[in-house]
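Undergrad: Fold the following.
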Amino acid sequence: MNKKIAFTLGTVFSLSVASTVLAAPANLFAVIPEHHWSYSAIGDLAKAGLVNGFGGGTYHEDVILTRCEMAAIVAKAMAKSDKADAAGKATIEKLKAEFSPELNMTMGNDTKVDSRLEKLEKNKSTIKMTGDARIRYQTNWNQGAKNTDNKNTTRMQERVRLNLTSDIAENLTLFGRLNATNDSNKYGLVSDTSKASKSGNPTFDRAELQWKNKQMTYSFGRFLPSLGQGIIWDYNSIDGAMATYDFGGVQFSSGYGDLAAYTASGKTTNAFIANLKVNVAQNANITIGHLNAMTNAVAGGYNFEQTAYGFNAKTGDFTVNGEYVKNDDNKLPTNAQDHGYWGRVL
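TA: Sure thing, here's the model as predicted:
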């Protein structure tokens, strides 16, 4: 399977395959389902450095293997079992029992199996694609209606996105996203009496190179940061660079870029961004997000020097989050609203 394509329509549609522990079939070359328990087990051994399959490369969970090919990987893990911890040794013993018929066939004579593993690695596509589609109805979408108006501006908006992911080199990944949006049945102004439709040209709203080095992650190009809980900036495009350091329970990010990639104003709006996320419990975190528009006012608005304080907590089947934001820019008009807040329960 060179490509895995999933389309999400509306809210969420999912397709899953139940995992089953299989006894050794009569046909020892039967294909093992991707969700067989042994895939995750060997994945754990790969993370521990005990598996070195695919002709010297690394094990990939999204490649379908025969039982004999899986047994060849298990055999290599068995050869390194002295380096495994207690959990790793228990996993190897479980895999050894599962693939004992195939191990008797391949032990000491797995040249052909290794050859096919190497071909799988060479032929495996490095590009993965996913997509999503959305249709929504909006009223007063341009915030042009007043309390005295009898009707609001309305429109239907359709959006389709295609996500591309490619592993370019070790620890270096390319992320891309193509976005196409259409507005239909649209009343542009409160006073309008006729409807119109408009299709935007497809655009790449993400073209990001991401490099990971231990606890550091660097993003370059057109990336999609989220600050705090999203009241300031919620996975929208920025052209620039950002670095994130993971301290374990604390993640800190900072970067610099042009907001015009999202505002589509054609006017350069350089900004400094920063974000702090602290995991205060297993299912709870607090955040501080900051955005400072350093060059002039955002087109159609006013200067931003915003700081947001938020939280997110999950309890049972519910997730609660909220956030408060304050704009401290000294060039705000005297009548400008300089603060706001929001909350949500899911």
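
Undergrad: right, and the helix or strand after the lowest-mean-pLDDT helix or strand in the chain?
TA: Within the chain, no helix or strand scores below strand 7-9, which has a mean of 26 by mean pLDDT, DSSP states H and E. Counting by DSSP states H and E, the next helix or strand C-terminal to strand 7-9 is helix 37-47.

Undergrad: Start and end of stretch 262-272, how far apart?
TA: Separation of the first and last residues of stretch 262-272 by CA to CA, to the nearest Å is 15 Å.

Undergrad: er, stretch 228-246 actually
TA: 16 Å.

Undergrad: Could you give me the buried positions within that stretch?
TA: Using 16 or more other CB atoms under 10 Å as the test for burial, stretch 228-246 gives 228-233, 236-242, 244. Where C-beta positions appear, they are placed from N, C-alpha and C, glycine not excepted.

Undergrad: how much distance is there from that stretch to the middle of the chain?
TA: 13 Å (CA atoms, centre = their mean, to the nearest Å).

Undergrad: cool, stretch 156-168 as well?
TA: Distance, centroid of stretch 156-168 to centroid of chain: 11 Å (CA atoms, centre = their mean).

Undergrad: re earlier: will you turn the buried residues of stretch 228-246 into a markdown table that also has distance to residue 272 and pLDDT?
TA: Shown next, in a markdown table, are these (distance: CB to CB, whole Å; pLDDT from 0 to 100):
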| residue | distance to residue 272 | pLDDT |
| --- | --- | --- |
| 228 | 15 | 95 |
| 229 | 19 | 95 |
| 230 | 18 | 93 |
| 231 | 18 | 91 |
| 232 | 12 | 92 |
| 233 | 12 | 94 |
| 236 | 16 | 93 |
| 237 | 17 | 94 |
| 238 | 11 | 95 |
| 239 | 14 | 95 |
| 240 | 10 | 96 |
| 241 | 11 | 97 |
| 242 | 10 | 98 |
| 244 | 15 | 97 |
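
Undergrad: Just the closest of the residues you listed to residue 168, please.
TA: Closest approach between the buried residues of stretch 228-246 and residue 168, by CB to CB: residue 241, at 17.1 Å.

Undergrad: Name the nearest of the buried residues of stretch 228-246 relative to residue 274.
TA: residue 242 (9.3 Å).

Undergrad: which residues are in contact with the helix or strand hosting the closest one?
TA: Following DSSP H and E, one finds residue 242 within strand 238-246. Contact with strand 238-246 is made by 215-225, 251-262, 271, 273, as judged by CB atoms under 8 Å, 6 or more residues apart in numbering.

Undergrad: Let's see which of those residues end up in strands.
TA: 216-223, 251-258, 271, 273 (DSSP state E).

Undergrad: Which of these are buried? Put it as a PyMOL command.
TA: With 16+ other CB under 10 Å as the burial test, the buried ones among the ones in strands among the contacts of strand 238-246 are selected in PyMOL as follows:
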select buried, resi 217+218+219+220+221+222+223+251+253+255+257+258+271+273
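
Undergrad: Neighbours of residue 90, how many?
TA: Residues lying near residue 90 (other CB atoms under 10 Å) number 12.

Undergrad: and it, that one's in a strand?
TA: No: read with DSSP: H, G, I helix; E, B strand; the rest coil, residue 90 is helix and lies in no strand.

Undergrad: Name whatever forms a beta bridge with residue 323.
TA: Following DSSP bridges, residue 323 is listed with bridge partners residue 310, residue 342.
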